[in-house]
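# Quick one, fold the following:
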Amino acid sequence: MHEVELIVGLLAVVALLVMLARRLNIPYPIPLVLGGLALGFVPGLPPVAMPPELVLLVFLPPLLYSEALTLSWRDIKANLQPIGSLSIGLVAVTTVLVAVTAHAVVPGLPWAAAFVLGAIVAPTDEVAVAAVAERLPIPRRLLVIIESESLVNDAISLVLYRLAATAVVAGTFSWVTGGFEFLLASFGGVGIGLAVGAGIGWVRRRLTPDPLVENTISLLTPFVAYLPAEALHVSGVLAVVAAGLYLGRQGPRFVTSATRLQAGGMWRMIDFLLNSLLFILLGLQLHPILNRLTGRPGSTLLSDAAIVSLCVIVTRIVWVAAGSYLPGLFSQKARRSAPPWPQVTIIGWTGIRGGISLAAALAIPLLTNQGTPFPQRDMLIYLTFAVILSTLVLQGLSLPVLIQKLSLKEEEGVEREATDARLKTSQAGLARLEEIARSETLPEEIVADLREHLTNRTQRFEARTQGTVHVGYEARAAVYRRLRREVVDAERRTVVGLRDESAISDEVMQQLQRTLDLEEQRLEAEEEDL
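Coordinates of the predicted model:
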């Protein structure tokens, strides 16, 4: 019973801290980590501990899958070089340099355990960066690189983490065997993920449309990919990512609008809760960890944390700058194609660590195969916490200021592409309406009303493609949206009033509210076309 009460209490704390973050206009992971740390010092609070293998199973699959669903194959292909450099090259370099640094500053830390730490803190966290950048004018190409990098580097770093942790637990390591296991884990995981994605897609195409059933299957999919891959000793992480990328690409062909609307809210809520609980859990566990690290002076612990965190931050800055400008020293073509320095600066400064590193740190095994404690597990978790907190606070709080100072603008091509697509879809809708009107006998007033709407919409987008504004329609559309909002609000108040008067049941009220809510969502979507 205490576990249930604790979970309810933690969720309440999450809600309060996120509300505080919104009021202070800071990324919500920051108060969550600090709040969890503060809770750890509350007297009488029961200890919170989760089995390491359960942390990976509960948190990683859904977090990675939801990220993979929303990534664009086209954007990844268009930015393959920077994404590959950051998610593979930078992860490998960060893992090695952090391992070397940690081995040097922490007495008695074995090399294998040091590489575990390096793999844990190597991946960036897209959720933490998005919490900072979601309302800021950051170019779409940079967002694509950051989001895609985060997903791919999660997968790569967790494969490295697994190899390093296995070496510590087994007590031996062979570079030849390790390299073979890395390739087997990688390709095997991707293969299983693609097979699961294809199988889930085959099943969902043949289901009778039902959002509840389909989204239950969607929720189960990351676990269906993860568990068989782990059972076959290949990468469950890559299996989840591969399944998510496949279904994200194929899903629009068979997922219904009702399922999609429900799934969007479902996955946003799952992401938010899992990330929030991870931050809280780490903060809660830090207090007992600090108590067990009493053998090292507080000043030494602080200096260790500062050195490792500095290594993580500086490695990214140097790697991004070198990768952007060093090729230009040897090639005029590379010099011409080098990105502007403000974009290089932003990419170098978005190395915020978060949920994935948290989950990996908390999942470090407790014992080796010999029955001895995992070497310096508490120190590894402490250093992970230090890296996460330092990047969240230092980079998370300064990133909005940096973006505003650099005056980054959205690329014109993105807006033009969206306008062209809207024009083509509007023209297709108008053509289909005329085709139906010619072949069927329909009430003219209905056809005329829809024709006017589609014609005005088409004219507006045609004007935009020519760099002008269709003033008449823009003004009418603004008035229409304002009036429709007023009408929707009045209708909603009336529905609630009828329920309060017992003229209708709560079930009827909820049905009518859903209709009004969808209408309001449609109006908000139209405003995004402006």
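
# going forward, measure contacts and count neighbours with C-alpha atoms only.
Fine.

# Please, where are all the helices along the stretch 51-200 of the chain?
52-70, 73-78, 80-84, 91-105, 111-121, 126-133, 140-170, 175-205 (DSSP state H, counting those that start in this stretch).

# which of those helices is buried the deepest?
With neighbours taken as mean count of other C-alpha atoms under 10 Å, the helices of the stretch 51-200 of the chain reach their highest mean count in helix 111-121, at a mean of 28.

# Among the helices of the stretch 51-200 of the chain, which comes closest to residue 217?
Between residue 217 and the helices of the stretch 51-200 of the chain, the shortest gap by C-alpha to C-alpha is with helix 175-205, which sits at 8.1 Å.

# What mean pLDDT does that closest one get?
In this model, helix 175-205 has a mean pLDDT of 87.

# Stretch 111-119 now?
On average, stretch 111-119 scores 93.

# about what we covered before: any chance of the helices of the stretch 51-200 of the chain in TSV, plus distance to residue 379?
As requested, those are exported to TSV (distance: least, C-alpha to C-alpha, whole Å):
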stretch	distance to residue 379
helix 52-70	16
helix 73-78	37
helix 80-84	31
helix 91-105	10
helix 111-121	10
helix 126-133	24
helix 140-170	15
helix 175-205	25
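
# mind listing what the nearest residue to residue 197 once chain neighbours are set aside touches?
Leaving aside its chain neighbours, residue 197 sits nearest to residue 243 (4.4 Å; criterion: C-alpha to C-alpha, 6 or more residues apart in numbering). Residue 243 sits next to 65, 193-198, 221-222, 225 when contact means C-alpha atoms under 8 Å, 6 or more residues apart in numbering.

# try 6 Å this time
Each residue near residue 243 by C-alpha atoms under 6 Å, 6 or more residues apart in numbering is listed here: 193-194, 197.

# Just give me the closest of the residues you listed to residue 310.
residue 193 (36.0 Å).

# ok, that closest one - contacts?
Residue 193 neighbours (C-alpha under 6 Å, 6+ apart): 225, 239-240, 242-243.

# ok, which pair from those residues is furthest apart?
225 and 242 (8.9 Å).

# Please identify which of the two sits among more neighbours.
Legend: neighbour count by other C-alpha atoms under 10 Å for residue 225 and residue 242, higher for residue 225 (31 against 27).

# pretty sure that one contacts residue 238?
No. Applying C-alpha atoms under 6 Å as the test, residue 225 and residue 238 come out as separate, 9.0 Å apart.

# mind checking how far residue 266 is from residue 216?
Residue 266 sits 10 Å away from residue 216, going by C-alpha to C-alpha, to the nearest Å.

# Residue 111 too?
According to C-alpha to C-alpha, residue 111 and residue 216 sit 43 Å apart.

# The residue lying closest to residue 406 once chain neighbours are set aside - how many residues pack around it?
Distances taken as C-alpha to C-alpha, 6+ apart put residue 342 closest to residue 406, at 6.1 Å, once the chain neighbours are dropped. Close neighbours of residue 342, defined as other C-alpha under 10 Å, add up to 15.

# Show me which residues of the helix or strand hosting residue 342 are buried.
Under the criterion of DSSP states H and E, residue 342 resides in helix 341-349. Within helix 341-349, the residues that qualify as buried by neighbour count (16 or more other C-alpha atoms under 10 Å) are 343-349.

# which one of these sits closest to residue 281?
Once C-alpha to C-alpha is applied, the member of the buried residues of helix 341-349 that ends up nearest residue 281 is residue 349, at 26.3 Å.

# Looking at this protein, which helix is longest?
Using DSSP state H, we find that the single longest helix of the chain is helix 257-292.

# quick check: mean pLDDT across that one?
The average pLDDT for helix 257-292 rounds to 81.

# continuing past it, what's the next helix or strand?
helix 298-325.

# got the angle between that following helix and helix 111-121?
Between the axis of helix 298-325 and that of helix 111-121 there is an angle of 60 degrees, by axes from the mean of the first three to the mean of the last three C-alpha atoms, to 10 degrees.

# Check what contacts the helix or strand following helix 298-325 and list those residues.
Where DSSP H and E defines the elements, the next helix or strand beyond helix 298-325 is helix 332-337. For helix 332-337, the surrounding residues in contact (C-alpha under 6 Å, 6+ apart) are 327-328.

# Then stretch 98-115?
By C-alpha under 6 Å, 6+ apart, stretch 98-115 touches 118, 164, 168.

# again, only using 7 Å
By C-alpha atoms under 7 Å, 6 or more residues apart in numbering, the list of residues contacting stretch 98-115 from outside reads 95-96, 117-118, 164, 167-168, 304, 308, 311-312, 375-376.

# ok, of the residues you listed, which one's closest to residue 516?
residue 312 (49.3 Å).

# SS state for the closest residue to residue 313 other than its chain neighbours?
Spatial nearest neighbour of residue 313, excluding adjacent residues (C-alpha to C-alpha, 6+ apart): residue 351 at 6.9 Å. Using DSSP: H, G, I helix; E, B strand; the rest coil, the structure places residue 351 in coil.

# Verify the stated contact: residue 351 with residue 121.
No. Using C-alpha atoms under 7 Å, residue 351 is not in contact with residue 121; the gap is 10.1 Å.

# and the strand or helix carrying residue 6 with helix 257-292, angle?
Element membership for residue 6, per DSSP H and E: helix 2-24. Orientation check (the same axes, to 10 degrees): helix 2-24 against helix 257-292 gives 100 degrees.

# Alright, calling it a day.
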